[in-house]
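Visitor: I would like the atomic coordinates for the input below:
(one chain, ligands or ions: 2)
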Amino acid sequence: MRRVIIDTDTAGDDTQAILLACLSDRLAVEAVTVVAGNVPFDREVENAKYTLGLAASRDVPVYEGARQPLAKEFEHATYIHGEDGLGGDLFPDTDIESAAGFGPDEIIERCRANPGEITLLCIGPLTNLALAYAREPELPDLVDEVWVMGGNVNCEGNVTPAAEFNLWVDPDAAKRVFDAFEVTLVDWGLCLRDAVFGPSEFETVSAFDTELASFFKSVTEKARAFNSDGPNDPGWTALPDSVTAALLAYPELREDVSTYHVAVDDREGLTRGYTSVDVNGVTDGEPNTRVVESVDSEAFESVMYSLLRSRDP
Ligand code: BDR
Ligand code: CA
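Guide: Numbering: from 1, shown residues only. Ligands and ions are numbered 1, 2, ... in the order given. Next up, the predicted model:
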């Protein structure tokens with residue numbers, strides 16, 4: 001089993017990634033660290049704990065991390081995920097307490113105690129990891145792998161044309177992370193191509209009639225409405241964080257992976273947060289990032305279906 005820490009701005013699809021990781025027999029989730037991103041920070045913390053409760057994983061400690069980006073003003077995305085990040089269904093707060101300790105410090109301590117053993121699954125802005133690296137410059141040698149959902153290889157951002165949300169929230173942190181770590185990247189464009197659930201997939205999920213399936217429909221509802229053209233269009237949603245967790249857990253889903261030089265644009269201006277991916281090898285930059293370029297979509301669907309069908313987490 002691969003040992004992981006999940007770094008998350010828990011809302012919407014983050015919850016599914018956490019469920020998948022906790023319920024998969026391929027991953028051992030050792031901790032969850034929360035970072036400012038999708039919705040107001042305290043809500044994200046509650047969402048993470050609620051999701052762990054749902055996954056019968058109350059023993060996984062939740063550490064609160066950065067409440068805001070390194071330098072940029074914090075702007076969340078409640079306009080996509082709803083005020084609570086769970087589709088507006090206001091799932092109750094849990095009785096699970098946050099663990100004592102600051103998220104970035106926990107990442108450091110756990111990697112120091114288990115050198116080369118722990119993989120970081122980063123499905124939110126990269127503030128926590130950048131802070132951890134600033135405090136422990138040896139961290140790139142202490143982690144096993146670093147998986148990041150974020151960025152966009154082909155300049156098809158979802159906040160600006162240049163920037164995907166996780167990079168856009170904290171481009172300064174992202175630059176530090178990509179400059180220091182050998183990242184495995186799952187970018188937004190890949191998710192749009194290979195990890196989208198639309199009307200027919202939601203029909204399949206509706207038939208499952210399980211607690212997890214109804215949770216899945218609720219937490220993705222606002223995003224689906226956001227992506228709808230009209231009142232009768234049930235919309236679609238990409239599953240970027242779940243597919244990243246699935247790709248980590250199930251290597252057989254990775255159809256194509258290439259290593260490129262990736263640089264993050266942290267300058268003010270139109271392209272702030274852009275991931276420049278040197279696909280054609282036209283710069284002198286050393287290849288530093290493994291970019292997943294193609295996913296076995298059907299196999300991913302099957303992973304999601306078997307997760308959502310499970311009645312007894
Ligand atoms: C990413 O941004 C967030 O809204 C999602 O949780 C995902 O991590 C997609 O751009
Ligand atoms: Ca996320």
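Visitor: for the residue nearest the centre of the chain, what are phi and psi?
Guide: The residue lying closest to the centre of the chain (C-alpha atoms, centre = their mean) is residue 123, at 1.9 Å. The phi/psi pair for residue 123 (degrees, to the nearest 10) reads phi -120, psi 30.
Visitor: that one reaches residue 247, doesn't it?
Guide: No. Applying C-beta atoms under 8 Å, one finds residue 123 not in contact with residue 247, separated by 11.6 Å. (C-beta placed from N, C-alpha, C; glycine too.)
Visitor: and the nearest residue to residue 72 once chain neighbours are set aside, how many residues sit next to it?
Guide: Of all residues not flanking residue 72 in the chain, residue 170 sits nearest, at 6.2 Å (C-beta to C-beta, 6 or more residues apart in numbering). By other C-beta atoms under 10 Å, 31 other residues sit near residue 170.
Visitor: give me phi/psi at residue 170?
Guide: phi -140, psi 80.
Visitor: contacts only, for it.
Guide: 69-70, 72, 125-127, 130 (C-beta atoms under 8 Å, 6 or more residues apart in numbering).
Visitor: I'd like to know which of these is nearest to ligand 1.
Guide: Set against ligand 1, the nearest of the contacts of residue 170 by C-beta to the nearest ligand atom is residue 125 (8.4 Å).
Visitor: pLDDT score assigned to the closest one?
Guide: With respect to pLDDT, residue 125 scores 98.
Visitor: just to be sure, it is in a helix?
Guide: No. Residue 125: not assigned to a helix; according to DSSP: H, G, I helix; E, B strand; the rest coil it is coil.
Visitor: three-state assignment of residue 286?
Guide: Under three-state DSSP, residue 286 falls in the coil class.
Visitor: surely it meets residue 262?
Guide: No. Counting by C-beta under 8 Å, residue 286 does not reach residue 262; the two are 10.5 Å apart.
Visitor: which one's more surrounded, those two?
Guide: Counted by other C-beta under 10 Å, residue 286 and residue 262 do not tie: residue 262 has more neighbours, with 25 against 8.
Visitor: and the protein, which residues reach ligand 1?
Guide: Taking C-beta under 6 Å from any ligand atom as the measure of proximity, the chain contacts ligand 1 at 12-14, 38, 77, 123-124, 149, 158, 164-166, 188, 240-241.
Visitor: among those residues, which ones are in helices?
Guide: Members of the residues of the chain next to ligand 1 lying in helices (criterion: DSSP state H): 13-14, 165-166, 188, 240-241.
Visitor: dump these into JSON lines; add pLDDT, distance to ligand 2 and neighbour count as well.
Guide: Listed next are those as JSON lines, based on pLDDT from 0 to 100; distance: C-beta to the ion, whole Å; neighbours: other C-beta atoms under 10 Å:
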{"residue": "13", "pLDDT": "94", "distance to ligand 2": "6", "neighbour count": "29"}
{"residue": "14", "pLDDT": "97", "distance to ligand 2": "4", "neighbour count": "31"}
{"residue": "165", "pLDDT": "96", "distance to ligand 2": "8", "neighbour count": "25"}
{"residue": "166", "pLDDT": "98", "distance to ligand 2": "6", "neighbour count": "30"}
{"residue": "188", "pLDDT": "96", "distance to ligand 2": "11", "neighbour count": "25"}
{"residue": "240", "pLDDT": "97", "distance to ligand 2": "7", "neighbour count": "27"}
{"residue": "241", "pLDDT": "98", "distance to ligand 2": "5", "neighbour count": "32"}
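Visitor: hey, where'd the strands end up in the chain?
Guide: Counting by DSSP state E, one finds strands in the chain at the ranges 2-8, 27-34, 62-64, 118-122, 146-149, 183-186, 196-197, 237-238, 254-260, 262-264, 275-277, 289-295.
Visitor: and residue 112, which of those strands is closest to it?
Guide: The closest of the strands of the chain to residue 112 is strand 118-122. By C-beta to C-beta, the value is 9.9 Å.
Visitor: show me what that closest one is in contact with.
Guide: Outside of strand 118-122, the residues within contact range by C-beta under 8 Å, 6+ apart are 2-7, 17, 21, 30, 107, 110-111, 128-129, 143-150, 177, 244-245, 248.
Visitor: again with stretch 186-202
Guide: Stretch 186-202 has contacts (C-beta under 8 Å, 6+ apart) with 147-154, 156-158, 164-165, 205, 217, 220, 224, 233-240, 242-244, 247, 275, 277, 291-295, 297, 300-301, 304.
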